[in-house]
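1. sequence-free structure coming up:
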């Protein structure tokens, strides 16, 4: 893998290191060589680990798999027929043990490819094929001058909060733009606008259009806070 960090509280190596898996690094390298950029796929679901309680409710004999807690309307997942409560146990024949496995599996798939999902629904095994799409983007300054220089996108597998929250993420932000001066940063996740929850770009557009001021609820890492744009 590609080494990224070493745990060393006193300055030395205590034997714990962190790395990007070699398979993921190779996939990203091939995409950069072919397209000049990483083209991560989007399925349009929120996921969570399968707890013992959920395994019992979903009539499962084991705790292996990841639960779809939300399926976005109009997303590739919805088009394929996936539903909230489906438990994904394998992707393209590879076993899924938890939400992290599913997140990584989707993250390795290129936009435009079709994947095979083994799922359990109402205690019965099914196979569903879903076409992974490229994440959508929105130039937010077309909605409001307060968001000048901001490019928004759907929350996808490339973001650390993917599967843990809902919202739209700031993909890019101009350092000299008005939004950056208010404290917004690339990577921030906007979960509500003027106290209206936003789970996708359509909901963001509806909440932010024709508004003279924007009260944004921001998720940044483990922190959550409000930010007023006037």
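-> The structure has been received and is ready for your questions. It should be emphasised that the depicted structure is a prediction, and the values quoted were computed from it without experimental measurement.

2. which residue packs closest to residue 226, ignoring adjacent ones?
-> Sequence neighbours aside, residue 217 is the residue nearest to residue 226 in space, at 5.6 Å (criterion: CB to CB, 6 or more residues apart in numbering). Any C-beta I mention is one placed from the backbone N, CA and C, and that applies to glycine too.

3. Tell me which helix or strand comes right after the helix or strand of the chain with the lowest mean pLDDT.
-> The weakest-scoring helix or strand in the chain, judged by mean pLDDT, DSSP states H and E, is helix 22-35 (a mean of 75). Helices and strands here follow DSSP states H and E; after helix 22-35, the next one along the chain is strand 45-49.

4. Sheet partners, orientation included, of that following strand?
-> Paired strands of strand 45-49, with direction, are strand 66-71 (antiparallel) (DSSP bridges).

5. Now do the strand it pairs with: distance to the chain's middle.
-> 12 Å (CA atoms, centre = their mean, to the nearest Å).

6. Show me what the next helix or strand after it is in contact with.
-> Where DSSP H and E defines the elements, the next helix or strand beyond strand 66-71 is helix 76-80. Here helix 76-80 makes contact (CB atoms under 8 Å, 6 or more residues apart in numbering) with 42-45, 68, 71-72, 117, 128-133.

7. Which member of the residues you listed is positioned nearest residue 33?
-> Checking those against residue 33 by CB to CB gives residue 132 as the nearest, at 19.8 Å.

8. excluding its backbone neighbours, what's nearest that closest one?
-> residue 41 (3.3 Å).

9. which residues does the one you found contact?
-> If you count contacts by CB under 8 Å, 6+ apart, then residue 41 has 106, 107, 109, 110, 111, 112, 113, 132, 133, 134, 156, 157 around it.

10. Brilliant, that's me finished.
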